[in-house]
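Colleague: build me a model from this:
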Amino acid sequence: MDVHATGGHLPRFWDRQVIFIANLLSLFYGNGEETDVLRAEVGPLESYGGRLIPILSTLFCRHPNILILEQAPDADLLTYFSDRLNVPLPQIEILSHDQYTHLVKRDGSGDAEAGSIIRRLESHAAEWLDGFVTDETLAHFARRMGKSTICSVTASWKGNNKLLLHEYLNAKHLPVFDTHVVEHPNQLDKCLNDLRDLGYMRAAIKAQIGASGIGLTRIDFTRSHVVPDYLFHEGRCLVQGWLDEDVDGVTAIGSPSVQFFVEEDHLTLYDVTEQILSSESIHEGNISPPPCLAGYPEALNEILRQSSIAGEWLHDLGYRGTGSIDFHAIQRRGAIEIRICEINARVTGATYPAVLARRFHPQGAWLMRNIRFISDVSGRGILRTLERNQLLYHLGQANGVLPINFNSDSDGNTVKGQFLCMANTPDQATQLLKEACEVLPVDWTYDRD
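Modeller: You can find the predicted model right below:
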């Protein structure tokens, strides 16, 4: 397999038509309790699939594609994509998660609207069905539609499995965290004591499958803790030392992340970003080029080297598609240490801004943040405010703010949004975000992905 690091230039993605199901509620492959926690933590999950709208025609180059969402997207944002950015929009169908799972088991009888959608999907020219992950539900739905999935269920599950990744990294003699593998919660205390004896103040307990900070519990050794049972849904868990400045000799550098695309005979590493994390190490955004690597060229080289090795693993598993490899970078007693934290083998929270930014401004810098609005606001109001203040990105500009998606509640109010700021340098992108936030018509706060 050939490996290419393109330095910000997008690869040619799939030369295919697709029916893409925004199956965010399938991220945990049937772990219902973990899914419920994601709903409670993140908010209006039904509107998150809208992030795919402006990038689907880039990921799948043959048109028209179909995107199945759980909630109708913001109409003014669609107009902005098509009229101002000249982005080919997919055909959008609305199918709730309950309808989707129901249709997998039945033929749509009793639900005329869903049955009509089924007939349109069956007759669509696309040969491929895809989603955030390929689980048994998606695979069965594809067979019913007479379509093929890009990944097998096994390849998708293994590519997102943190325990399998850890075992592979160990086998390849790549740096890993101090780790114990436990089969039952009653084994945790001994592992935590061992890590405390090594000088750690905290530990992370990781489920094999997790996303957006769900499936990871951080334990502070000075406090009592509760470990949720759903972490053990897949069986064994990882217990790892939490490596931060409280460990003797450690200076944190940052959390780089490599955006990749795996196809049949190529691995493309098309962007390197820095994750913006909350105090609880939850993803809140990305910035590229990564400021944390400024002055550390050897660290960037090591990140790309490890990404190539990890990408070969994904390829050998049979995984095909986009994803992110997240790293942990520190300096300890004069030496740089780079470790892979996890791989998210899917369209991730960093895929959307990376694809858009590299499409419209391939040699520039970009910053994406999630912003939650404290009071009611409309998508139209946000777009007009950015336009009035000459901050809204237009095709051909060197800089500007591009709203990727608006998340709305059950009443149709915009409660959150993902905002991409493009400029020539990271500092300029950061300043652009500051200016945009200052003119927003409501109070706001940064939020998790």
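Colleague: what about Pro185, how many residues nearby?
Modeller: If you count neighbours by other CB atoms under 10 Å, Pro185 ends up with 15. (C-beta placed from N, C-alpha, C; glycine too.)
Colleague: now it. Its backbone dihedrals?
Modeller: Note on Pro185: its backbone torsions stand at phi -60, psi -30 [degrees, to the nearest 10].
Colleague: test my guess that it contacts Val227.
Modeller: Yes: judged on CB atoms under 8 Å, Pro185 makes contact with Val227 at a distance of 5.6 Å.
Colleague: what segments of the stretch 101-250 of the chain are strands?
Modeller: 128-131, 148-149, 179-182, 202-211, 214-220, 237-241, 250-254 (DSSP state E, counting those that start in this stretch).
Colleague: next SSE after the last one?
Modeller: By that I understand strand 250-254. strand 256-262 (DSSP states H and E).
Colleague: how far off strand 256-262 does the helix or strand that that next one is followed by point, in degrees?
Modeller: Next helix or strand after strand 256-262 toward the C-terminus (DSSP H and E): strand 266-277. Strand 266-277 and strand 256-262 are oriented at 150 degrees to each other (axes from the mean of the first three to the mean of the last three CA atoms, to 10 degrees).
Colleague: strands paired with strand 266-277, and their directions?
Modeller: strand 2-5 (parallel), strand 256-262 (antiparallel), strand 283-288 (antiparallel) (DSSP bridges).
Colleague: next one: the first one to chain centre, how far?
Modeller: Here the centre of mass of C-alpha atoms in strand 2-5, compared against the chain's by CA atoms, centre = their mean, to the nearest Å, lies 22 Å away.
Colleague: check the longest one too.
Modeller: Averaged C-alpha coordinates place strand 256-262 at 11 Å from its chain's average position (CA atoms, centre = their mean).
Colleague: if we can go back for a sec, which one of the strands paired with strand 266-277 is the most hemmed in?
Modeller: Sort the strands paired with strand 266-277 by mean neighbour count, taking mean count of other CB atoms under 10 Å, and strand 256-262 sits at the top with a mean of 26.
Colleague: list the contacts of the residue nearest the centre of the chain.
Modeller: Central residue of the chain (CA atoms, centre = their mean): Thr348, 2.0 Å from the mean position. Thr348 makes contact with Thr322, Gly323, Ser324, according to CB atoms under 8 Å, 6 or more residues apart in numbering.
Colleague: ditto for Gly323
Modeller: Contact analysis of Gly323 by CB under 8 Å, 6+ apart lists 159, 259-262, 314, 343-348, 351.
Colleague: can we see that at 10 Å?
Modeller: The contact partners of Gly323, taken as CB atoms under 10 Å, 6 or more residues apart in numbering, are 159-160, 258-262, 310-311, 314, 343-348, 350-351.
Colleague: quick one: the strands of the stretch 101-250 of the chain as a markdown table, columns for mean pLDDT, distance to Leu192 and mean neighbour count too.
Modeller: Listed next are these as a markdown table, based on pLDDT from 0 to 100; distance: least, CB to CB, whole Å; neighbours: other CB atoms under 10 Å:
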| stretch | mean pLDDT | distance to Leu192 | mean neighbour count |
| --- | --- | --- | --- |
| strand 128-131 | 98 | 37 | 26 |
| strand 148-149 | 98 | 40 | 16 |
| strand 179-182 | 98 | 9 | 17 |
| strand 202-211 | 97 | 6 | 23 |
| strand 214-220 | 95 | 6 | 20 |
| strand 237-241 | 98 | 7 | 25 |
| strand 250-254 | 95 | 19 | 17 |
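Colleague: and of these, who's closest to Glu167?
Modeller: strand 179-182 (8.7 Å; CB to CB).
Colleague: packing partners for the closest one?
Modeller: Helices and strands touching strand 179-182, by 3 or more CB pairs under 10 Å, 6 or more residues apart in numbering; DSSP states H and E, are helix 162-171, helix 188-197, strand 202-211, strand 237-241.
Colleague: got TSV for those, with distance to Ala252 too?
Modeller: Below are the helices and strands packed on strand 179-182 laid out as TSV (distance: least, CB to CB, whole Å):
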stretch	distance to Ala252
helix 162-171	21
helix 188-197	18
strand 202-211	14
strand 237-241	14
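Colleague: quick one: list the elements packing against the longest helix along the chain.
Modeller: In the chain, with assignment by DSSP state H, the single longest helix is helix 297-317. Packing partners of helix 297-317 (3+ CB pairs under 10 Å, 6+ apart): strand 2-5, helix 153-159, helix 162-171, strand 256-262, strand 266-277, strand 321-332, strand 335-344.
Colleague: what's the closest of those to Lys206?
Modeller: Nearest of the helices and strands packed on helix 297-317 to Lys206, taken as CB to CB: helix 162-171 at 5.3 Å.
Colleague: contact partners of the closest one?
Modeller: In contact with helix 162-171 (CB under 10 Å, 6+ apart) are residues 157-159, 161, 174-177, 179, 181, 206-210, 215-216, 234-238, 240, 306, 309-310, 312-314, 316-317, 325, 339-343, 345.
Colleague: if you set the cut-off to 6 Å instead, what comes out?
Modeller: Helix 162-171 has contacts (CB atoms under 6 Å, 6 or more residues apart in numbering) with Lys158, Val176, Lys206, Gln208, Trp313, Glu342, Ile343.
Colleague: Ser224: neighbouring residues, count only.
Modeller: Ser224 has 6 neighbouring residues, counting by other CB under 10 Å.
Colleague: next one: Leu267
Modeller: Neighbours around Leu267, by other CB under 10 Å: 21.
Colleague: nearest residue to it in space, please, no chain neighbours.
Modeller: Closest residue in space to Leu267, ignoring its immediate chain neighbours: Gly311 at 4.0 Å, by CB to CB, 6 or more residues apart in numbering.
Colleague: so what's Cys191 up against?
Modeller: His180, Val182, Val239.
Colleague: show me which of those residues is closest to Ser82.
Modeller: For the contacts of Cys191, the nearest to Ser82 is Val239 (49.1 Å; CB to CB).
Colleague: test my guess that that closest one contacts Val181.
Modeller: No: if you go by CB atoms under 6 Å, Val239 and Val181 don't touch, sitting 7.5 Å apart.
Colleague: wait, which of the helices and strands packed on strand 179-182 is closest to Ser57?
Modeller: When the helices and strands packed on strand 179-182 are compared by CB to CB, strand 202-211 sits nearest Ser57, at 24.9 Å.
Colleague: pull up the pairing partners for that closest one, direction included.
Modeller: Strand pairing for strand 202-211, determined by DSSP bridges: strand 214-220 (antiparallel), strand 237-241 (antiparallel).
Colleague: now the residue nearest to Leu267: how far from Ile282?
Modeller: From Gly311 over to Ile282 the distance is 25 Å, taken as CB to CB, to the nearest Å.
Colleague: how distant is the host helix or strand of Ser57 from the center of its chain?
Modeller: Using DSSP H and E, Ser57 sits in helix 56-59. Chain-centre distance of helix 56-59: 16 Å, with CA atoms, centre = their mean.
Colleague: buried residues in the strand or helix carrying Ala40?
Modeller: Following DSSP H and E, one finds Ala40 within helix 32-42. Under the neighbour-count criterion of 16 or more other CB atoms under 10 Å, helix 32-42 has Glu34, Thr35, Val37, Leu38, Val42 buried.
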